[in-house]
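Engineer: Quick check, what structure comes out for this input:
(4 chains)
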2 protein chains.
Amino acid sequence: MGGMASPRWLTPQEQAAWRAYLISNQLLDEALDRQLQHDAGMPHAYYWILVALSEAPEHTMRMSDLARRLRYSQSRLTHAVTSMERRGWVRRRRCPSDARSLLATLTPEGMRTLVDTAPGHVEEVRSRVFDRLSPEQVTQLKEICELILDGLDPL
Amino acid sequence: MGGMASPRWLTPQEQAAWRAYLISNQLLDEALDRQLQHDAGMPHAYYWILVALSEAPEHTMRMSDLARRLRYSQSRLTHAVTSMERRGWVRRRRCPSDARSLLATLTPEGMRTLVDTAPGHVEEVRSRVFDRLSPEQVTQLKEICELILDGLDPL
DNA sequence: CAAAGTTACTTGAACTCTCAACTATTCGTA
DNA sequence: TACGAATAGTTGAGAGTTCAAGTAACTTTG
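Structural biologist: Down below sits the predicted model:
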């Protein structure tokens, strides 16, 4: 609040890393979104909803579990699933054991969409990221991201 | 197009790194956006427009140079600057030497906004990222991001 | 067992960003 | 000099996300 301590600015090394991080992230996100939008007409967020459902038993998850798993807000997930339901990729029905909850299920058409989309998307991720990094760097990246996650992820 | 080669899936290590990357990025972006939105009423993109202008001679840049520097689309920049002009942070005027171009200038009020905002934002970046990483990890992060940038940044 | 609190989900408005289309100016070149 | 191409910028529609507010159902507690 009234803290007058002079701000701890970033060192030149930190600044350089931070700018590289921000720009590479921005461009990478844009590239991934563009690829998915162009090849499958879906944003990146929808892809991961398909993936999560495809990995779930019965291809089904409670909406709130899905949101927690993907770290999406419930509102974001509702809007997304509403759109995906219109496209026939997902169906929602009431949960028998808890009348507040909804169960989202991947439809066969949604599964087909994922199967069609995944190879191209993985290839994009490969060529943009993993083909450029050594195995050590992959490990480093994971460790760095996990440290950052420690401070952000309530889970 | 019709390439039938089986996709080069990610290894388990790569998958783990990729999920950590995606989630930490998502949460970090949200945290930074939330901090700036809450404390200064601006999205992250606007902050970097203020920074770039504040570092430019005369606090002035051509719109297209600004877009190139920040890797924003021209459309994105136009929309952003239009909103920032309404807030009185920036002014646009025709460029004398090239009638197609516009020069964007930081106003004193825009500068004041940046000066007020920067310490809190840097503190957020510090606490979320750099306080958690060793100096070696900062270097590793920079190198990884630069490798990814090589494949994405036309510059 | 009723009130208060928590959890699950939706809704609609506001905002940002993308994409495609458009105007205006300048450059390249024959 | 004139014409086609490239550059600079704007605009508006469409889509996704956030936020605040709202409904409904379950849980805790006095």
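
Engineer: So which bits of chain A are right by DNA strand D?
Structural biologist: A:42-46, A:72-73, A:75-76, A:79-80, A:83, A:98-100 (Cβ under 7 Å from any atom of the strand). C-beta here means a position set from N, CA and C on the backbone, and glycine is covered the same way.

Engineer: what about 6 Å?
Structural biologist: A:Pro43, A:Ala45, A:Ser73, A:Ser75, A:Arg76, A:His79, A:Ala80, A:Ser83, A:Asp98, A:Ala99, A:Arg100 (Cβ under 6 Å from any atom of the strand).

Engineer: Let me see the contact set for A:Leu77.
Structural biologist: Applying Cβ atoms under 8 Å, 6 or more residues apart in numbering or on different chains, we find A:Leu77 in contact with A:Ile49, A:Met63, A:Leu66, A:Ala67, A:Leu70.

Engineer: before we move on, what SS does A:Pro7 have?
Structural biologist: coil (DSSP: H, G, I helix; E, B strand; the rest coil).

Engineer: Report the separation between it and DNA strand D.
Structural biologist: Going from A:Pro7 to DNA strand D by Cβ to the nearest atom of the strand, to the nearest Å gives 23 Å.

Engineer: Then A:Leu10?
Structural biologist: 24 Å.

Engineer: okay, now that residue: neighbour count?
Structural biologist: Neighbourhood size, A:Leu10 [other Cβ atoms under 10 Å in any protein chain shown]: 18.

Engineer: thought it was touching B:Val129?
Structural biologist: No - A:Leu10 lies out of contact with B:Val129 (Cβ atoms under 8 Å); the separation is 9.5 Å.

Engineer: Give me the common contacts of those two.
Structural biologist: Common neighbours of A:Leu10 and B:Val129, using Cβ under 8 Å, 6+ apart, are A:Trp18.

Engineer: on that earlier part again, of the residues of chain A next to DNA strand D, buried ones?
Structural biologist: A:Ala45, A:Ala80 (16 or more other Cβ atoms under 10 Å in any protein chain shown).

Engineer: pretty sure A:Val122 is touching B:Thr11, no?
Structural biologist: No - using Cβ under 8 Å, A:Val122 makes no contact with B:Thr11, being 11.4 Å away.
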